[in-house]
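J.: Any chance you can model this:
(2 chains)
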There are 2 protein chains.
Amino acid sequence: MKYQAINFKDKLSKFQEHWSPRVIAEMNDYQFKLAKLKGEFVWHDHKDTDETFMVIEGELDILFRDGKVTLNAGEMYVIPKGVEHKPVAEKECKVMLIEPRGVVNTGDADGGKLTAENDVWI
Amino acid sequence: MKYQAINFKDKLSKFQEHWSPRVIAEMNDYQFKLAKLKGEFVWHDHKDTDETFMVIEGELDILFRDGKVTLNAGEMYVIPKGVEHKPVAEKECKVMLIEPRGVVNTGDADGGKLTAENDVWI
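T.: The predicted structure follows:
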């Protein structure tokens, strides 16, 4: 089929790893990525770009140095560039990330094992 | 509250007009817009940019000159720049559009009454 819808549930069924975003689409030089999050991520920021979180299933807390935002399914938040944040999901949460191609998930932080391979498509 | 989730249902409750996108967030020079679609739109393209459709509720057909794609809730499609398309929603459909700031909904076509005011926030 030449034109095919990109279905989030279908794409999410193709991987199980946490904190490991998979690219599902590109728009100009931006990418749409799906990720499964569980537990605590590292504090980090992205010096050169804003970053969008959209929750598809579950609940996600995004901590800031002076507050936090809680996102449920059908909610989004745009982290401004340069703002330190730490995603935390008590239970598994499924999210879409939207950001320019090439953004590393742990930003400038030493992410250790949490730093995921970039530009992995499903 | 300093950090507040952007809730799609809440934002969608704030307007009723069809084919009249409302901006709910910005990421760098891109905008996230919500729109309610019903009936047939005009054939048009966007010469300079891709455009993303994501369906939140209902069903949307996007016609191309040589085919079509049908999107339901939890599905998306990226229209490549320069590709003529015509959105059609038999019943009311609620969508998110993602595209650079400044994109006009009817592109280069003579949209008549369908050409919406740009950059209207809710």
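J.: show me what contacts the spatially most central residue of chain A?
T.: In chain A, the residue lying closest to the centroid (CA atoms, centre = their mean) is residue A:97, at 3.8 Å. With contact taken as CB atoms under 8 Å, 6 or more residues apart in numbering or on different chains, residue A:97 is in contact with A:21, A:32-35, A:51-54. No exception for glycine: its C-beta is placed from N, CA and C like everyone else's.
J.: list the buried ones in the lengthiest strand in chain A?
T.: The residue-count maximum for a strand in chain A (DSSP state E) belongs to strand A:85-100. Neighbour counts over strand A:85-100 (16 or more other CB atoms under 10 Å in any protein chain shown) mark A:85-89, A:93-100 as buried.
J.: For that strand, list the C-alpha coordinates in PDB.
T.: Below are the C-alpha coordinates for strand A:85-100, written out as PDB (Å, rounded to 0.1, in the frame of the first residue of the first chain):
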ATOM      1  CA  HIS A  85      14.600  18.000  33.500                       C
ATOM      2  CA  LYS A  86      14.300  14.400  34.800                       C
ATOM      3  CA  PRO A  87      11.500  12.100  33.600                       C
ATOM      4  CA  VAL A  88      10.200   9.700  36.200                       C
ATOM      5  CA  ALA A  89       7.600   6.900  35.600                       C
ATOM      6  CA  GLU A  90       6.600   4.900  38.600                       C
ATOM      7  CA  LYS A  91       4.900   2.400  36.400                       C
ATOM      8  CA  GLU A  92       5.600   1.800  32.700                       C
ATOM      9  CA  CYS A  93       4.500   4.700  30.600                       C
ATOM     10  CA  LYS A  94       4.300   5.000  26.800                       C
ATOM     11  CA  VAL A  95       5.300   8.300  25.200                       C
ATOM     12  CA  MET A  96       5.900  10.100  22.000                       C
ATOM     13  CA  LEU A  97       8.900  12.300  21.800                       C
ATOM     14  CA  ILE A  98       9.200  15.000  19.100                       C
ATOM     15  CA  GLU A  99      12.500  16.700  18.500                       C
ATOM     16  CA  PRO A 100      15.100  17.500  15.800                       C
END
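J.: now that strand against strand B:85-100, angle please.
T.: 130 degrees (axes from the mean of the first three to the mean of the last three CA atoms, to 10 degrees).
J.: any idea of the mean pLDDT in strand A:85-100?
T.: Strand A:85-100 shows a mean pLDDT of 98.
J.: Please apply the same query to stretch A:111-122.
T.: 90.
J.: Report the separation between the two terminal residues of that stretch.
T.: Terminal residues of stretch A:111-122 lie 23 Å apart, using CA to CA, to the nearest Å.
J.: So which bits of chain A are right by chain B?
T.: Within chain A, the positions near chain B by CB under 8 Å from any CB of the partner chain are A:1-9, A:25-28, A:30, A:32, A:49-52, A:56, A:62, A:64, A:66-72, A:74-78, A:81, A:98-100.
J.: which of those residues are buried?
T.: Restricting the residues of chain A next to chain B to buried positions leaves A:5-6, A:8, A:25-28, A:30, A:32, A:49-52, A:56, A:62, A:69, A:71, A:74-78, A:98-100, with burial counted as 16+ other CB under 10 Å.
J.: Among the residues you listed, which lie within helices?
T.: residue A:8 (DSSP state H).
J.: Now intersect the buried ones among the residues of chain A next to chain B with the strands, please.
T.: A:6, A:25-27, A:30, A:32, A:51-52, A:56, A:62, A:69, A:71, A:75-78, A:98-100.
J.: wouldn't residue A:119 be in contact with residue A:23 here?
T.: Yes - when contacts are counted by CB atoms under 8 Å, residue A:119 is listed as touching residue A:23 (6.2 Å).
J.: Pull up the overlap in contacts between the two.
T.: Jointly contacting residue A:119 and residue A:23 under the rule CB under 8 Å, 6+ apart are residue A:31.
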